[in-house]
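Undergrad: what follows is a predicted protein model with its sequence.
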Amino acid sequence: MQTVKMVVTGPFSAGKTEFIQSVSEIDVVSTERKISGKEERAQKESTTVAMDFGRITVDEDLVLYLFGTPGQKRFDFMWEILSEGMLGFIVMVDSTRPETFREARSILETFRAYAPTPYVVAANKQDKKEAWEIEDIRHALRLDSKVKLLPCTAPDRSSVKAILLELLYSILAEMESGK
């Protein structure tokens, strides 16, 4: 059986935990803690402090292990640890919060420096009225046209599966090309 480690990263409150929870076939192992900061608490009640872990069986020969990173800067020491052995990563961006786009870009560059693996960018919360258009997000993040920037709605299992499959196809194509 082949296992593929994927990392789901992105800024605070981008939807990483929800993304993993919507497809994991096991109860997600989560390190959520109550939030103490007033500003962050306005966004949500708890935050990931170490990682989230989920798993999805694609078929009898292939299992994806999903590792979600903490989004808050003070926990970024976990990023490098979680990136070890990853075959690809997903950067989650909250389409309704353009003030987080610069941080998302920085996280993307950090993970590219850890390992030159395939990646995709998931524009989460595309179901919201105030969500930015995909091409506007691409421009704001300064993404090359070759980078896969995909619309996402984290609670929607089919949306999450589509993103995981895109990343998986990129990983398999790279493995076949012998990189």
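TA: That came through, no problem.
Undergrad: C-alpha from now on. contacts and neighbour counts both.
TA: Noted.
Undergrad: what about the longest helix in the protein?
TA: For the chain, the helix that runs over the most residues, judged by DSSP state H, is helix 157-176.
Undergrad: list the contacts of that one.
TA: 19, 22-23, 87-90, 117-120, 122, 150-154 (C-alpha atoms under 8 Å, 6 or more residues apart in numbering).
Undergrad: pLDDT averaged over it - what is it?
TA: For helix 157-176, the mean pLDDT works out to 94.
Undergrad: could I get the CA-only coordinates of it as PDB?
TA: Extracted in PDB, the C-alpha atoms of helix 157-176 (Å, rounded to 0.1, in the frame of the first residue of the first chain):
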ATOM      1  CA  ARG A 157     -16.700  17.100   1.000                       C
ATOM      2  CA  SER A 158     -16.800  17.100  -2.900                       C
ATOM      3  CA  SER A 159     -15.000  20.500  -3.000                       C
ATOM      4  CA  VAL A 160     -12.200  19.200  -0.700                       C
ATOM      5  CA  LYS A 161     -11.900  15.900  -2.600                       C
ATOM      6  CA  ALA A 162     -11.500  17.800  -5.900                       C
ATOM      7  CA  ILE A 163      -8.600  19.800  -4.400                       C
ATOM      8  CA  LEU A 164      -6.900  16.700  -3.000                       C
ATOM      9  CA  LEU A 165      -7.200  14.900  -6.300                       C
ATOM     10  CA  GLU A 166      -5.600  17.900  -8.200                       C
ATOM     11  CA  LEU A 167      -2.700  17.800  -5.800                       C
ATOM     12  CA  LEU A 168      -2.500  14.000  -6.000                       C
ATOM     13  CA  TYR A 169      -2.400  14.100  -9.800                       C
ATOM     14  CA  SER A 170       0.500  16.700  -9.600                       C
ATOM     15  CA  ILE A 171       2.400  14.400  -7.200                       C
ATOM     16  CA  LEU A 172       1.900  11.300  -9.400                       C
ATOM     17  CA  ALA A 173       2.900  13.200 -12.500                       C
ATOM     18  CA  GLU A 174       6.100  14.300 -10.800                       C
ATOM     19  CA  MET A 175       6.800  10.800  -9.600                       C
ATOM     20  CA  GLU A 176       6.400   9.400 -13.100                       C
END
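Undergrad: thanks again, I'm all set now.
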